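Chemist: prediction below, plus the sequence it came from.
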Amino acid sequence: MTQLVHLEKQNGIATVTLDNPPMNVLSKQVTQELKEVFTTIQEDPEVIAVVVTGNGDRAFMAGADIKEFPSWIDLEKEEVKKVAKSNHEVFNLIEQLEQPTIALLNGFALGGGCELALACDIRIAEDHAQLGLPEVKLGLLPGAGGTQRLPRLIGEAKAKELMFLGDSITAEEALQVGLVNHVVPKGEGMEAALSMAKKVSRLSLQALSRIKRAVDEGADQPLEAALENEVDLFVELIKTEDAREGVEAFIEKRRAQFTHK
């Protein structure tokens, strides 16, 4: 069986490439391989930052494999639920990964592709990319977290508009509504993503992971509880070797050498 998700690692950066031509769609095999790859990353202490992209320049991921849908329709409800939950399990794994994740959208990011991008921390889009959740046009709804992650990112009203209409938007439009962080010219996305990942990889994973936790956990908490969580994470962090190194390096006017401990 041909491998559809590839993992490369260099200098603390893991690059995950979707390779399911021609449009890198989210099939059952891709879902399983994403789970395996991100489990490997999760357990690798040498990985500090992750870049996720699609092979080629046509698509990051142009949605789910629609050819698999007819087989779902005749399944019992509990079986359909298992299928839907398998996608949630993988995207939750990616979202909850300790390391910061950067999605490089080098083409269509539709349906499951948009939902995969939403599970990442940062999104960089090449200027020819198009994003959207078109499931309503199939009589369906975004079933891999889109109905929950998109409103949390860009607000309920705009998220509902995009999901009600099912139309795709350009990279520039996505930038304007806060769906992507940066837009770069076609062909320059990987350079931009790796440049950001390199900056991140020089920093302390002890600090990066707690910043990520503070933001993600705090989003679902009242402010008072979120601030208390921030205090707890700060107390944990100040006791790490990296915190000591970072403070000493600043005082000594040198670059910190973090060991992620």
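Modeler: In hand now; what should we look at? Numbers count the residues shown, from 1 in each chain.
Chemist: all contacts plus neighbour counts: C-alpha atoms, from now on.
Modeler: Will do.
Chemist: state the next helix or strand along the chain beyond the lowest-mean-pLDDT helix or strand in the chain.
Modeler: The weakest-scoring helix or strand in the chain, judged by mean pLDDT, DSSP states H and E, is helix 69-73 (a mean of 80). Using DSSP states H and E, the helix or strand that follows helix 69-73 towards the C-terminus is helix 77-95.
Chemist: show residues contacting the least confident helix or strand of the chain.
Modeler: Applying C-alpha atoms under 8 Å, 6 or more residues apart in numbering, the set of residues contacting helix 69-73 from outside is Val80.
Chemist: in PDB, list the C-alpha atoms belonging to that helix.
Modeler: Coordinates of each C-alpha in helix 69-73 appear next as PDB, following Å, rounded to 0.1, in the frame of the first residue of the first chain:
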ATOM      1  CA  PHE A  69     -19.600   8.600   1.600                       C
ATOM      2  CA  PRO A  70     -22.100   6.200  -0.100                       C
ATOM      3  CA  SER A  71     -20.900   3.400   2.100                       C
ATOM      4  CA  TRP A  72     -21.600   5.400   5.200                       C
ATOM      5  CA  ILE A  73     -25.200   6.100   4.400                       C
END
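Chemist: which of the three states applies to Phe60?
Modeler: strand (DSSP: H, G, I helix; E, B strand; the rest coil).
Chemist: roughly how far apart are it and Gly54?
Modeler: With distances taken as C-alpha to C-alpha, to the nearest Å, Phe60 is found 4 Å from Gly54.
Chemist: need the residues touching each of those two.
Modeler: Common contact partners of Phe60 and Gly54 (C-alpha under 8 Å, 6+ apart): Leu18, Asn24, Leu104, Leu105, Asn106.
Chemist: so how far is the least confident helix or strand of the chain from its chain's centroid?
Modeler: Counting by C-alpha atoms, centre = their mean, to the nearest Å, helix 69-73 is centred 27 Å from the centre of its parent chain.
Chemist: now do stretch 120-139
Modeler: Using C-alpha atoms, centre = their mean, the offset of stretch 120-139 from its chain centre is 12 Å.
Chemist: same question, stretch 147-165
Modeler: In terms of C-alpha atoms, centre = their mean, the centre of stretch 147-165 is found 17 Å from the chain centre.
Chemist: with the shared contacts of Phe60 and Gly54 in mind, which one is nearest to Gln148?
Modeler: Nearest to Gln148 among the shared contacts of Phe60 and Gly54: Leu105, at 20.4 Å, using C-alpha to C-alpha.
Chemist: surely that closest one touches Arg123?
Modeler: Yes. Proximity of Leu105 to Arg123 meets the contact threshold set by C-alpha atoms under 8 Å, at 7.1 Å.
Chemist: ok, which stretches of the stretch 1-150 of the chain are strands?
Modeler: Here the stretch 1-150 of the chain has its strands, by DSSP state E, counting those that start in this stretch, at 5-10, 13-18, 49-54, 59-62, 101-105, 108-110, 122-126, 130-132.
Chemist: can you list the domains in the chain?
Modeler: 5-201, 205-251 (automatic domain parsing).
Chemist: highest mean neighbour count out of those domains?
Modeler: domain 5-201 (a mean of 19; mean count of other C-alpha atoms under 10 Å).
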